[in-house]
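> the sequence and its predicted three-dimensional model are supplied below.
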Amino acid sequence: YRLAVTLVFYGQHLLTRNEHAAAKVALTDALITMREMGSQYYQAMALTLLCRLHLQTKHYEAIEPRAREIEALHERHTYLDIMGQLRCIESRVLLAHGDIVKGAERLA
């Protein structure tokens with residue numbers, strides 16, 4: 001469990017340094033472990049960080065499936081902080097596509 005949590009935060013650190021390949025490995029490994037252990041908060045956190053990675057690398061199509069997983073976890077456990085992060089990511093994707101109105105609605 002400690003290793004998986006450490007990988008989540010290490011993946012977050014790597015994202016801030018734009019080390020995308022290493023971040024993807026760390027977050028994917030953490031996500032696998034969290035799913036096996038049933039640690040749903042850190043699972044949602046890893047998924048959110050993967051969404052951020054996809055945003056940074058402009059792989060927007062990869063965000064939607066992860067967003068659905070995060071939303072399902074939120075419905076069961078009310079992860080407001082993680083949902084706020086997800087909505088910001090989704091809004092940034094909409095803004096990247098030039099859809100200012102929908103981007104603003106996503107944040108509202």
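Sure, I can see it.

> Thr78 - how many residues pack around it?
As a burial measure, the neighbour count of Thr78 was computed by other CB atoms under 10 Å and equals 9. Where you see a C-beta, it was placed from the backbone N, CA and C, and this is true even at glycine.

> also Thr6?
Applying other CB under 10 Å, we find 12 residues neighbouring Thr6.

> after the host helix or strand of Asp29, which helix or strand is next? Please name it.
Using DSSP states H and E, Asp29 maps to helix 20-37. The C-terminal neighbour of helix 20-37 among helices and strands, as given by DSSP H and E, is helix 40-56.

> can you name every helix or strand that that next one contacts?
Based on contacts counted as 3 or more CB pairs under 8 Å, 6 or more residues apart in numbering; DSSP states H and E, the elements that helix 40-56 packs against are helix 2-16, helix 20-37, helix 63-77, helix 80-96.

> now it: buried residues?
Applying a neighbour-count criterion of 16 or more other CB atoms under 10 Å, the buried positions in helix 40-56 are 40, 42-55.

> re the thing from before, got the CA positions of the helix holding Asp29 in CSV?
Extracted in CSV, the C-alpha atoms of helix 20-37 (Å, rounded to 0.1, in the frame of the first residue of the first chain):
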residue,chain,number,x,y,z
HIS,A,20,5.4,12.0,-19.1
ALA,A,21,6.7,8.5,-19.8
ALA,A,22,7.9,8.0,-16.3
ALA,A,23,4.7,9.5,-14.8
LYS,A,24,2.6,7.1,-16.9
VAL,A,25,4.5,4.1,-15.6
ALA,A,26,4.3,5.2,-12.0
LEU,A,27,0.6,6.0,-12.1
THR,A,28,-0.3,2.9,-14.0
ASP,A,29,1.6,0.7,-11.5
ALA,A,30,-0.1,2.6,-8.6
LEU,A,31,-3.5,2.2,-10.2
ILE,A,32,-3.1,-1.5,-10.7
THR,A,33,-2.1,-1.9,-7.0
MET,A,34,-4.9,0.3,-5.8
ARG,A,35,-7.5,-1.6,-7.7
GLU,A,36,-6.2,-4.9,-6.3
MET,A,37,-6.3,-3.5,-2.8
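
> lovely, talk soon.
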